[in-house]
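Colleague: 3D, please:
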Amino acid sequence: MSFKDLGLNEIVLSAIQPLGYETPTPIQKQSIPHILDGKDILGCAQTGTGKTAAFALPIVHKLSETPPKYKVHKKPIRALIISPTRELTSQIDTNLRDYCSQSGLRTTVIYGGVAQSRQVNALRRGVDILVATPGRLLDLCNQGFINLNTIEFLVLDEADTMLDMGFLPDIKKVIKQCPEERQTLFFSATMPSDIVKLTDSILKDPVRVQIDAVSSAAETVDQKIYSVRQSDKKDLLVYVIHELEVYNTLVFTRTKFGADKVERHLRNNNIKAEAIHGNKSQPKRERALDRFRKGKVQVLVATDIASRGIDVEELSLVINYELPNLAESYVHRIGRTGRAGKSGLAISFCNEGSERNHLKGIQKLIGKEIEIEENHPFSLELEPVGMDHKPSGKSMKKSRNKRRSDRRKTGARRSGGGERRRDGGGERRGYGGGSDERRRDGGAERRGYGGGSDERRRDGGGERHGYGGGGGERRRDAGGERSFSSSNKGNKRFGKGPSKNDGYRGSSFGPSSGGGSSFAKKKRPKFKGNTPSVGGKNTSGKKRSSFNKKRR
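Modeller: Numbering: from 1, shown residues only. Here you go, the predicted structure:
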């Protein structure tokens with residue numbers, strides 16, 4: 001089947017011919033005819049399946065053959081494509097410019113991280129197809145630069161990624177500004193419950209398009225696993241880069257923080273590296289990518305989302321510094337190398353923990369076991385992870401639970417006379433030999449420092465100190481604090497807030513026969529704020545303390 005067989009007009013066919021488009025991909029075969037018929041689409045497909053052309057080509061076809069449906073003003077926006085990241089929006093816009101080359105349709109892209117002036121000027125000149133990230137789109141709508149009342153086609157690309165990034169509320173606000181009479185094309189790699197609810201509310205009798213995930217890497221990619229402790233990964237990365245002498249390496253991390261951390265470590269080891277992720281401004285990301293393409297940067301460190309849209313020719317090495325928890329992401333990562341029949345190498349670091357389970361899922365998806373490379377200085381001897389590997393976490397958990405049970409039976413785990421105990425969220429520690437004790441019960445904390453009656457106590461926001469051997473006391477309650485010397489004669493009060501004494505039964509701190517802290521049973525009379533009185537006078541026969549007066 002050819003693209004002509006799908007029913008696309010000559011305007012589109014003449015535009016894609018120089019691009020080398022000959023045979024439609026499965027998602028293009030399933031989607032394009034239904035979109036041309038005016039149906040809503042619910043597509044479940046991964047990145048790299050050709051879905052950009054699947055929705056863009058029929059949109060260009062229909063817009064080039066029909067006049068604007070809504071003539072609110074002279075230059076209406078007729079199609080809106082929303083995607084999660086700057087790189088992906090830029091890539092979609094680049095493809096659209098090629099597809100529209102013979103149609104005269106105008107496209108532009110808007111995203112955050114850059115000044116909006118150029119984007120606003122492009123909108124004022126007139127746009128037929130707008131590609132945007134949710135945040136900047138809603139911002140310009142609120143400023144009055146974008147009118148969505150004329151939208152005929154609404155495309156939501158990688159909706160699950162937008163959900164993960166927290167864009168769902170923005171998307172709902174944007175959809176409310178679009179007309180009810182529109183054609184909606186919805187694409188997502190996964191279908192969590194929030195996505196299903198959204199599709200139910202915005203799609204009308206959609207045609208469901210299901211494309212199996214990409215499950216194999218190119219045969220030209222040599223895949224290897226390096227078993228390594230998590231703490232040794234940074235040093236192993238430096239070793240691999242120096243050992244292989246590769247001058248264009250793409251390193252993947254799971255988090256933005258991790259990408260920055262790896263970048264700093266590489267630079268500290270005299271390796272030119274740049275990191276790109278969502279917290280970097282768009283100019284910085286574009287500059288880093290340009291420097292990497294030109295060979296001015298040896299290593300580019302990227303997160304999965306930020307790497308969308310990265311297209312680097314002749315990339316010879318991809319390193320998974322951290323294995324992804326989604327097996328499909330692994331296939332997309334290593335697919336950056338070994339293109340156009342050229343050989344490539346994909347190295348993945350696998351730690352002694354959860355990544356072994358990720359590796360099992362990856363091997364199950366690609367249908368083969370990946371070779372383990374043991375010839376490196378940080379090699380970790382572990383059992384091979386086969387395709388039927390069962391996680392060892394359960395047995396480890398049982399072992400930990402058994403140790404906890406043993407500690408409960410003996411009272412606590414001890415080392416040199418010390419003690420550590422957890423009760424719910426609480427903790428006790430005794431440091432060897434004395435009655436030294438630290439205790440947490442909820443938000444409270446107690447400490448006795450070995451050999452004396454020295455004690456510190458917190459109850460909520462309160463704090464007490466008794467300094468060894470005497471009855472000295474220091475207390476803080478909600479900002480107020482009282483201190484008594486060991487003779488109990490001095491009274492010093494300071495702090496911003498009022499000092500409380502709401503029925504507190506204090507302890508006199510005296511020398512303990514056991515050498516540790518102790519609470520005497522002698523109780524101090526309670527201050528309950530208002531002593532019995534008649535006509536506002538004290539009838540108790542006792543002189544009211546200045547402390548109680550202050551409370552009144």
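
Colleague: how close does residue 287 sit to residue 297?
Modeller: Between residue 287 and residue 297 the computed distance is 10 Å (CB to CB, to the nearest Å). Where you see a C-beta, it was placed from the backbone N, CA and C, and this is true even at glycine.

Colleague: Looking at these two, which is more packed in?
Modeller: Each of residue 287 and residue 297 has its neighbours counted (other CB atoms under 10 Å); residue 297 has more, 21 against 15.

Colleague: Is the more buried one in contact with residue 291, as I believe?
Modeller: Yes - using CB atoms under 8 Å, residue 297 makes contact with residue 291 at a distance of 4.5 Å.

Colleague: I'd guess residue 312 is in a strand, am I close?
Modeller: No - checked against DSSP: H, G, I helix; E, B strand; the rest coil, residue 312 lies outside a strand; its state is coil.

Colleague: That one touches residue 293, doesn't it?
Modeller: Yes - contact criterion CB under 8 Å: residue 312 and residue 293 qualify, at 5.8 Å.

Colleague: Summarise which helices and strands the helix or strand hosting residue 241 is packed against.
Modeller: Element membership for residue 241, per DSSP states H and E: helix 233-244. The helices and strands touching helix 233-244, judged by 3 or more CB pairs under 8 Å, 6 or more residues apart in numbering; DSSP states H and E, are helix 256-268, strand 317-320, strand 344-350.

Colleague: redo that, cut-off 10 Å
Modeller: strand 221-227, strand 249-253, helix 256-268, strand 299-303, strand 317-320, strand 344-350 (3 or more CB pairs under 10 Å, 6 or more residues apart in numbering; DSSP states H and E).

Colleague: what does it contact?
Modeller: 226, 228-229, 232, 246-247, 249, 251, 258, 261-262, 264-266, 268-271, 273, 298-299, 301, 316-317, 319, 321-322, 345, 347, 349-351, 373, 375-380 (CB atoms under 10 Å, 6 or more residues apart in numbering).

Colleague: same thing but at 7 Å, please
Modeller: 226, 228, 249, 262, 265-266, 269, 271, 299, 317, 319, 321, 347, 349, 376-378 (CB atoms under 7 Å, 6 or more residues apart in numbering).

Colleague: for the protein, which spans come out with low pLDDT?
Modeller: 47-48, 71-74, 212-218, 305-309, 311, 340-341, 382-552 (pLDDT under 70).

Colleague: quick check: domain ranges of it?
Modeller: By the assignment in automatic domain parsing, the chain contains the domains 4-210, 221-372, 412-546.

Colleague: For the first one, measure first residue to last.
Modeller: Taking CA to CA, to the nearest Å, the first and last residues of domain 4-210 lie 23 Å apart.

Colleague: next one: the second one
Modeller: This stretch, domain 221-372, spans 15 Å end to end (CA to CA).

Colleague: One more: stretch 291-310?
Modeller: Stretch 291-310 end-to-end distance (CA to CA) = 13 Å.

Colleague: for stretch 63-82, same thing?
Modeller: OK, stretch 63-82 end separation, CA to CA: 18 Å.

Colleague: Please tabulate the helices and strands packed on helix 233-244 in CSV, including the columns mean neighbour count and distance to residue 178.
Modeller: Output for these, formatted as CSV (neighbours: other CB atoms under 10 Å; distance: least, CB to CB, whole Å):
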stretch, mean neighbour count, distance to residue 178
strand 221-227, 20, 42
strand 249-253, 25, 36
helix 256-268, 18, 32
strand 299-303, 25, 31
strand 317-320, 24, 39
strand 344-350, 23, 42
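
Colleague: which one of those lies closest to residue 357?
Modeller: strand 344-350 (10.1 Å; CB to CB).

Colleague: still on that earlier bit, of all the helices and strands packed on helix 233-244, which one is nearest residue 366?
Modeller: Using CB to CB, these put strand 221-227 closest to residue 366, at 8.3 Å.

Colleague: residues in contact with the closest one?
Modeller: Against strand 221-227 from outside (CB under 7 Å, 6+ apart): 217, 236, 334, 337-338, 344-350, 359, 370-373, 376, 379-380, 382.

Colleague: Please tell me I have it right and residue 83 contacts residue 157.
Modeller: Yes - the pair residue 83 / residue 157 is scored as a contact, 4.4 Å apart, by CB atoms under 7 Å.

Colleague: So those two - more neighbours on which side?
Modeller: Legend: neighbour count by other CB under 10 Å for residue 83 and residue 157, higher for residue 83 (29 against 23).

Colleague: okay, the helices and strands packed on helix 233-244 in TSV with distance to residue 152 next?
Modeller: Shown next, in TSV, are these (distance: least, CB to CB, whole Å):
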stretch	distance to residue 152
strand 221-227	42
strand 249-253	38
helix 256-268	37
strand 299-303	35
strand 317-320	40
strand 344-350	42
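
Colleague: Go through those and name the closest to residue 142.
Modeller: helix 256-268 (27.1 Å).

Colleague: list the buried ones in the following helix or strand past the closest one?
Modeller: Per DSSP H and E, the first helix or strand lying C-terminal to helix 256-268 is strand 273-276. Buried residues in strand 273-276, counted by 16 or more other CB atoms under 10 Å: 273, 274, 275, 276.
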